[in-house]
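Asks: Need the 3D shape of this:
(2 chains)
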Amino acid sequence: MNIALYIAVMAGVTYLIRMIPFAFFRKKIKSRFFRSFLYYIPFAVLSAMTFPSIFYSTGNIFTATAGTITAFILAYFNLPLIVVALSASAMAFIVGLI
Amino acid sequence: MKSDFLKGMSHGVPISLGYLSVSFGFGIKAVGAGLSALSASIISATNLTSAGQVAGVDIIAVGGSLIEMILVQLTINIRYSLMALSLSQKLDRKFNFFHRLIASYGITDEIFAVCSAQKQKLTSYYMYGMIFISAVGWVLGTVLGAVAGQLLPEAVSSAMGIVLYGMFMAVIIPPSRRQKSVFAVVVISALASILFRYVLTAVSSGFAIIICAVVASVVGAFIFPVADEEGEK
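Replies: Residues are numbered from 1 along each chain as shown, chains lettered A, B, ... in the order given. Got it, this is the predicted structure:
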């Protein structure tokens, strides 16, 4: 399929998701269930995207596992996103040298 | 007007630097999945989102359907609707419909976080400044990653493949530690994802993410309905 079509669809959907509530919606969502569902969605999405894919992200299960453990520990102690992300990569690189 | 733009830009500098390094990983990943550097850059410039772009590139790489693409983007990015909703409550009076059409392009997790932390009403030019500098970092990082990804030694570029996932972990782990509800949702979603990867392999990766996320969030919403304040974030 044409890649431009994929990109147009991606960009269009992503824009509309942001634009419709921002430009048109003024009221609050009343349903507690729906609000709860929307609150959990980002965490659930990121978790499903991360596991188990993170273990294959470097093309080597050992370097990826070392990076994952590093990311877990640093994230657990609340370090900034960038520190966690780059340290995971640095650890994967270092273990790859061994 | 001009000073608001500059203020927005200065508040956006840390976001931009963060985006620069994360999108570097995206650029490498996109090229690794068979996309051109130009395609990767256009995706970053038009989408301005990390998780959605990664999932989108995965779908492109395997030649998935457009329906799958739409549903995946909808699921992954639906959180922006909530953020947009929340921000729409604190806009300056001059922030008219036309400005809203433009500024909605730049509602990301980080821009939302900084904008909602502002005490005063948001002006359009403040948001434009922040969005502008953030988008520059995001696109520039993508270009560098896509181009340098081919020049860098294999050991470096493959190690960069974990950058975005590391960022995702940094988003989900701290709240999982604070709230058992988030922890439960994260674990259910991860277990479901593992099940799809190794057992229910007939389901494509995009649909698998949607099913995992919806199931985990529905369970979370049933067992741990959020209080009024949390739901708005």
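Asks: What strand or helix carries the most centrally placed residue in chain A?
Replies: Nearest to the mean C-alpha position of chain A, counting by CA atoms, centre = their mean, stands residue A:46 at 4.3 Å. Residue A:46 belongs to helix A:32-50 when assigned by DSSP states H and E.
Asks: If you count contacts, what does that helix end up packed against?
Replies: helix B:50-62, helix B:66-77, helix B:79-88, helix B:163-178, helix B:180-198, helix B:205-223, helix B:228-232 (3 or more CB pairs under 8 Å, 6 or more residues apart in numbering or on different chains; DSSP states H and E). Quick note: C-beta positions are derived from backbone N, CA and C, even for glycine.
Asks: could I get those helices as a markdown table with mean neighbour count and mean pLDDT?
Replies: A markdown table is the format used below for the helices and strands packed on helix A:32-50 (neighbours: other CB atoms under 10 Å in any protein chain shown; pLDDT from 0 to 100):
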| stretch | mean neighbour count | mean pLDDT |
| --- | --- | --- |
| helix B:50-62 | 22 | 93 |
| helix B:66-77 | 21 | 92 |
| helix B:79-88 | 22 | 83 |
| helix B:163-178 | 23 | 89 |
| helix B:180-198 | 20 | 97 |
| helix B:205-223 | 21 | 90 |
| helix B:228-232 | 14 | 50 |
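Asks: Of the ones you listed, which is nearest residue B:94?
Replies: The closest of those to residue B:94 is helix B:79-88. By CB to CB, the value is 14.4 Å.
Asks: The helix or strand that comes right after the closest one packs against which elements?
Replies: Per DSSP H and E, the first helix or strand lying C-terminal to helix B:79-88 is helix B:97-103. When contacts are defined as 3+ CB pairs under 8 Å, 6+ apart, helix B:97-103 packs onto helix A:3-24, helix B:124-151.
Asks: Among those helices, which comes closest to residue A:94?
Replies: helix B:124-151 (19.4 Å).
Asks: Now do the buried residues in that closest one.
Replies: B:124-149 (16 or more other CB atoms under 10 Å in any protein chain shown).
Asks: ditto for stretch A:38-53
Replies: Those would be A:38-51, A:53, for stretch A:38-53 by 16+ other CB under 10 Å.
Asks: Many thanks, I have nothing further to ask.
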